[in-house]
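Student: Could you look at this predicted model? Sequence included:
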Amino acid sequence: MYESLHEHFPDLAPSQSTVERWYREFIHGNFVLEDAPRSGRPNISHNEENVNEMLDLVTKDPHITYAQLEYETELTSGTINIILYKELCVSKLCARWIPHSLNLQQKYIPIDFCKIMLKRLLMEIQELFLRSLQEWVEDDAPPPTKVRRARSVGKQMWAIFFRSSGFVEAVALEDRKTVTADWYTTVCLPKVITAIGLQREKIGIRGILFHHDNASSHTAIRTRELLENSGLKTLSHPLYTSGCSLESKINYVGGDFRLMRS
């Protein structure tokens, strides 16, 4: 029988266990297809009237809470949850805060302004460049020439330390040198710790939260040992985030301490 059903109704045929159960019932003379009555009362709370009532409450007050819904409808939290998520297909999300709600025309105003300013800037740069090349010369004099500037001597690297109350210390890196754990622990950090002690004569470095990124010189064993022995508590730095290091721009860092490049 099971093979015959699947042969004629491949998508609608019941499972083999269902066919076997039906076969046993038919043998015992039970040909009633309706479900037999069961103990317990049926669930009458999950009906169209309650669904419409819930929809009306949520529409009128999108900020309504579960406790308020239970009080207004006298339904259980489980029934309310089923109606909200399965019947109404709604979910409660935090609204995004934006300073202003602009229409399409207002959004184009700053774009047009930036285009105008960029155009003026390019014109002024071009005019300045041409003006710097032009010189007054006599009719029989040769045309003027411009000598290309010599190569710059390079940038000076600084490690600048700030507290939430202001500047602490600036430590210069020697020309054409690399930031290493040796320089960081023997030259840079000792100057910073000394400067903190001078600024906070009574409590010293107690309570300072030190923050720097995950550069190799910052995560070296000797650096961690120096900070631990000095009593400085460090703030962890999340991976793949722009932070404050010897090679970063000036960005705000939370806590009482921050390290940045000039």
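Tutor: It's in.

Student: Now do stretch 137-145: everything it contacts.
Tutor: Residues from elsewhere that reach stretch 137-145, judged by C-beta atoms under 8 Å, 6 or more residues apart in numbering: residue 135. (Each C-beta comes from the backbone N, C-alpha and C, glycine too.)

Student: First-to-last residue distance for it?
Tutor: Start-to-end span of stretch 137-145 (C-alpha to C-alpha, to the nearest Å) is 12 Å.

Student: Tell me the gap between that stretch and the middle of its chain.
Tutor: The chain centroid and the centroid of stretch 137-145 are separated by 61 Å under C-alpha atoms, centre = their mean, to the nearest Å.

Student: mean confidence score for it?
Tutor: Stretch 137-145 shows a mean pLDDT of 81.

Student: cool, and stretch 161-170?
Tutor: Model confidence over stretch 161-170 averages 83 on the pLDDT scale.

Student: buried sites along it?
Tutor: 161, 162, 163, 168, 169 (16 or more other C-beta atoms under 10 Å).

Student: okay, how far is it across it, tip to tip?
Tutor: Across stretch 161-170, the straight-line distance between its terminal residues is 6 Å, by C-alpha to C-alpha.

Student: ranges for the strands of the stretch 51-200 of the chain?
Tutor: According to DSSP state E, counting those that start in this stretch, the stretch 51-200 of the chain carries its strands in the segments 158-163, 166-172.

Student: if we can go back for a sec, quick check, nearest of the buried residues of stretch 161-170 to residue 181?
Tutor: Minimum separation from residue 181 among the buried residues of stretch 161-170 (C-beta to C-beta) is found for residue 161, which lies at 17.3 Å.

Student: what sits opposite the closest one in the beta ladder?
Tutor: On DSSP bridges, the residues paired with residue 161 through beta bridges are residue 169, residue 259.

Student: Is it correct that it is in contact with residue 168?
Tutor: Yes - here residue 161 lies in contact with residue 168, judged by C-beta atoms under 8 Å, at a distance of 4.3 Å.

Student: Identify the contacts common to these two.
Tutor: With contacts taken as C-beta under 8 Å, 6+ apart, residue 161 and residue 168 have 192, 195 as neighbours in common.

Student: Next, format the buried residues of stretch 161-170 as JSON lines and append distance to residue 17.
Tutor: Conversion of the buried residues of stretch 161-170 to JSON lines gives the following (distance: C-beta to C-beta, whole Å):
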{"residue": "161", "distance to residue 17": "74"}
{"residue": "162", "distance to residue 17": "73"}
{"residue": "163", "distance to residue 17": "73"}
{"residue": "168", "distance to residue 17": "77"}
{"residue": "169", "distance to residue 17": "79"}
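
Student: Many thanks, we can stop here.
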